[in-house]
Every structure is written in C-alpha cells, then in structure tokens.
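> Need coordinates for the following:
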Amino acid sequence: MSTLKAKHFHFIEDMDIAAWVFAAVERVEAFAAKVSTTIGIWARRSGERRLLRQMSDRMLRDIGLSRLDIERESSKFFWQN
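Residues are numbered from 1 along each chain as shown. The predicted structure is shown next:
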C-alpha cells in the first residue's frame with residue numbers, strides 16, 4: 001500500500017474516533033443538563049414545602065389550604081411530585 005493511501009486511512013479512522021468522542025461528549029452534556037434540571041426541581045419543591053410549613057393559619061386560609069393539606073404536602077420526599 002502506498003504511503004498516501006496509508007495516511008488517508010488513518011485520517012478516516014481519526015475522523016471516526018473524533019465523531020465518536022464528539023457524540024459521547026454531547027451525551028454527557030445532555031445527561032449533566034438533565035441532572036442539573038432535576039436537582040433544581042427538587043430544591044424548589046423542598047423550599048416551597050418549607051415555606052408552606054412556616055405560614056400562619058390565616059395565610060393558609062387566604063390561599064385556600066388547611067394545616068392538614070400542608071402536613072400532607074410537606075411529608076412527601078423532595079423527589080415526589
């Protein structure tokens with residue numbers, strides 16, 4: 001095989017490897033974005049439930065919730081909707 005052909009095949013192999021690495025990096029970035037979004041949702045739920053527990057009975061009545069509603073909601077784990 002000539003030197004030119006050998007270099008050409010290495011270039012193609014390098015392109016295949018680069019494409020595979022690029023695709024892998026994209027998958028990792030997508031996964032990281034999904035994890036970040038999920039953690040943000042969990043943190044928001046936890047914070048909202050904490051704020052609900054701190055509300056007075058009058059404030060709860062104003063928004064149409066009872067203390068029992070708040071106890072039920074705040075007893076959920078942060079990952080539960």
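> What segments of the chain are helices?
Using DSSP state H, the helices of the chain run over 3-54, 57-62, 67-74.
> Turn those into CSV, columns for distance to Asn81.
(Each C-beta comes from the backbone N, C-alpha and C, glycine too.) Converted to CSV, these look like this (distance: least, CB to CB, whole Å):
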stretch, distance to Asn81
helix 3-54, 8
helix 57-62, 21
helix 67-74, 11
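> Out of the ones you listed, which one sits most buried?
With neighbours taken as mean count of other CB atoms under 10 Å, these reach their highest mean count in helix 67-74, at a mean of 13.
> what stretches of this structure score poorly on pLDDT?
1-12 (pLDDT under 70).
> again, only this time at 90
Confidence mapping of the chain against pLDDT under 90 gives the ranges 1-22, 79, 81.
> pretty sure Trp79 is touching Trp42, no?
Yes: between Trp79 and Trp42 there is a contact under CB atoms under 8 Å: 5.9 Å.
> Would you mind stating the distance between Arg50 and Arg44?
Noted for Arg50: a distance of 11 Å to Arg44, by CB to CB, to the nearest Å.
> which neighbours do these two share?
When contacts are counted by CB atoms under 8 Å, 6 or more residues apart in numbering, the set common to Arg50 and Arg44 is empty.
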